[in-house]
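S.K.: model the structure of this input:
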Amino acid sequence: MATLLLVVIYIAFIGLGIPDSLFGAAWPAMYPELGVPVSTANIITTFITACTVFASVSSAKVIRRFGTPKVAAVSTLMTAVGLFGFSCSDHVLWFCLFGIPLGLGAGAIDSALNNYVALHYQASHMNFLHCFYGIGVSLSPYLMSVALAHTSWQAGYRMAAYVQTAIVLIAFLSLPIWSKAHPEAVGEEETKNPLSLTQVVRLPKLWNMVMIFLTSCGVECTCGIWGSTFLVQAKGLSADTAAWVIMFFYIGMALGRFLSGVLSAKISSWGLIRLGELVMVVAFLLLLLPAPAAVSGVGLFLIGLGNGPVFPNLIHLTPKIFGEETSQSVMGVQMGAAYVGIMVIPVICGVLIQEIAAEIFVGYNLIFFLLMLFFVRTMQKKK
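M.R.: Prediction:
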């Protein structure tokens, strides 16, 4: 049963990934049709991410009351509703409205399943879990590129909503499996008192970990949201081709997490993070070259490949660093920090692209990558 439940959780993480890459792939085609500036994406993504941050920080109390299985199933349903709503929207206000279930659902399921897997499964399983997230975020640009080439971005959102609905059915049908897979965990969440936010932020090492999540996820999301725009405006690709190229950024992320899972038996979590950082150094060197779009595509693929192992390995380290009793409370704050990075860092990039040029994309991401390197080294010194 534990193996079957793990498969269900993997599928749920495909659903978590589907909405995350869809907007960035679709935006170059969306904003001319909507008649808004390119930086309007910041309004929509900021609103969605604010909802996600709220859900992440509140997740410990919600999970304590309802349990991980119900939170995961209902959260997936909320994201499906949000995706279908996007496919019917024609104004920024509608995108923000349907962004509420999309953001709240993503934050709740992310915190719930990450902590559950960190407590009940091995490091390899955590990496494979986020590999399946990579499958979800790779699938979305592919669906959108097909839709843009043949119909419209609305059709891309609708196809993604159909896939998400299938995952919702699996999530609800699998609810009885949870208590059979880990009977020792039944009632466990209800008996634990989550720490208050004030108590969590006072924990040693927390702020270093928060900054790693913030910068790593900021780079990842900035590449996902603005990578297509960079390829269109700076490298001259068409919108559908750029969406197809960005798919390889997410494939790189999924591959990085898969390889991390395979190597986790021989290399420590910190070692896998350092290995990923080396790959990202090569990626930024390629992006800095005045080279054709194909080279930039390889660079984006390598950013995904190198950054991919960072998030799942940090998640797996959380119960070890902060203790199992406090891990869910810490997990919520870490997820909140990750989504703050997702919310703020791409927004500033969007403004810079509009006011200066799309070429600013590379140097901007490089700054946050260097900050990530600094906080990882500082965190390891505090071990």
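
S.K.: helix, strand or coil: sort out Ala149 for me.
M.R.: helix (DSSP: H, G, I helix; E, B strand; the rest coil).

S.K.: residue contacts, it?
M.R.: Asp240 (Cβ atoms under 8 Å, 6 or more residues apart in numbering). (Glycine included, C-beta is placed from N, CA and C.)

S.K.: how close does it sit to Val38?
M.R.: Ala149 is 21 Å from Val38, where distance means Cβ to Cβ, to the nearest Å.

S.K.: name the element Val279 belongs to?
M.R.: According to DSSP states H and E, Val279 maps onto helix 269-288.

S.K.: so what touches that helix?
M.R.: The list of residues contacting helix 269-288 from outside it, by Cβ under 8 Å, 6+ apart, reads 123, 127, 256, 260, 263-264, 267, 295-296, 298-303, 305-310, 313-314, 316-317, 362, 365-366, 369, 372-373, 376, 380.

S.K.: what's the answer for stretch 309-320, then?
M.R.: 114-115, 117-119, 123, 126-127, 129-130, 209, 212-213, 216-217, 220, 256-257, 259-260, 264, 269-270, 272-273, 275-277, 327, 330-331, 334, 338, 372.

S.K.: list the buried residues in that stretch.
M.R.: By neighbour count on 16 or more other Cβ atoms under 10 Å, the buried set for stretch 309-320 is Pro309, Val310, Phe311, Pro312, Asn313, Leu314, Ile315, His316, Leu317, Thr318, Pro319.

S.K.: just those now: which is nearest Ala160?
M.R.: Taking Cβ to Cβ as the measure, Ala160 sits nearest to Phe311 out of those, at 21.9 Å.

S.K.: Three-state assignment for that closest one, please.
M.R.: helix.

S.K.: that one and Met280: what is the separation?
M.R.: Relative to Met280, and taking Cβ to Cβ, Phe311 is found at 13 Å.

S.K.: do me a favour and average the pLDDT over stretch 299-308.
M.R.: For stretch 299-308, mean pLDDT rounds to 95.

S.K.: per-residue pLDDT, Lys192?
M.R.: Looking at Lys192, the pLDDT reads 58.

S.K.: likewise for Lys70?
M.R.: pLDDT, Lys70: 90.

S.K.: and if you look at Val137?
M.R.: 80.

S.K.: and Ala160, how many neighbours?
M.R.: Close neighbours of Ala160, defined as other Cβ atoms under 10 Å, add up to 28.

S.K.: report the mean confidence score over the host helix or strand of it.
M.R.: Assigned by DSSP H and E, Ala160 belongs to helix 153-173. Here helix 153-173 scores 93 as its mean pLDDT.

S.K.: give the buried residues for that helix.
M.R.: 153-161, 163-165, 167-168, 170-171.

S.K.: same deal with stretch 345-361?
M.R.: For stretch 345-361, the buried set under the neighbour-count rule, 16+ other Cβ under 10 Å, comprises Ile345, Pro346, Val347, Cys349, Gly350, Leu352, Ile353, Gln354, Ala358, Ile360, Phe361.

S.K.: and which of the residues you listed is nearest Leu197?
M.R.: Ile345 (22.2 Å).

S.K.: which SS state does the closest one fall under?
M.R.: Three-state call for Ile345 (three-state DSSP): helix.

S.K.: between the helix of greatest length in the chain and helix 153-173, how big is the angle?
M.R.: The longest helix of the chain (DSSP state H) is helix 2-34. Orientation check (axes from the mean of the first three to the mean of the last three Cα atoms, to 10 degrees): helix 2-34 against helix 153-173 gives 160 degrees.

S.K.: mind checking pLDDT for Val347?
M.R.: 84.

S.K.: which ones are touching it?
M.R.: Asn42, Thr45, Thr46.

S.K.: what do you get if the cut-off is 6 Å, keeping everything else the same?
M.R.: Residues near Val347 by Cβ atoms under 6 Å, 6 or more residues apart in numbering: Asn42, Thr46.

S.K.: correct me, but Thr222 touches Met343?
M.R.: No: contact between Thr222 and Met343 fails when scored by Cβ atoms under 6 Å: they sit 11.1 Å apart.

S.K.: so Gly85 sits against Phe98, correct?
M.R.: Yes: assessed by Cβ under 6 Å, Gly85 is found in contact with Phe98 at 3.0 Å.

S.K.: higher neighbour count, the two?
M.R.: Phe98 (22 against 19).

S.K.: so after the helix or strand bottoming out on mean pLDDT in the chain, what's the next helix or strand?
M.R.: None of the helices or strands of the chain scores lower by mean pLDDT, DSSP states H and E than helix 188-191, at a mean of 52. Later in the chain than helix 188-191, the nearest helix or strand by DSSP H and E is helix 197-201.

S.K.: tell me the helix or strand right after that next one.
M.R.: Next along from helix 197-201, by DSSP H and E: helix 206-233.

S.K.: quick one: low-confidence parts of the protein?
M.R.: For the chain, the stretches flagged by pLDDT under 70 are 182-194, 382-383.

S.K.: go again using 50 as the cut-off
M.R.: 191 (pLDDT under 50).

S.K.: tell me the SS of Gly336?
M.R.: helix.

S.K.: to clarify, my last question referred to Ile267.
M.R.: Classified using three-state DSSP, Ile267 is coil.

S.K.: can you tell me, leaving aside adjacent residues, what's nearest to it?
M.R.: Spatially, and ignoring its direct neighbours in sequence, Ile267 is nearest to Leu275 (7.1 Å; Cβ to Cβ, 6 or more residues apart in numbering).

S.K.: how close does that neighbour get to Leu259?
M.R.: As judged by Cβ to Cβ, Leu275 and Leu259 stand 9 Å apart.
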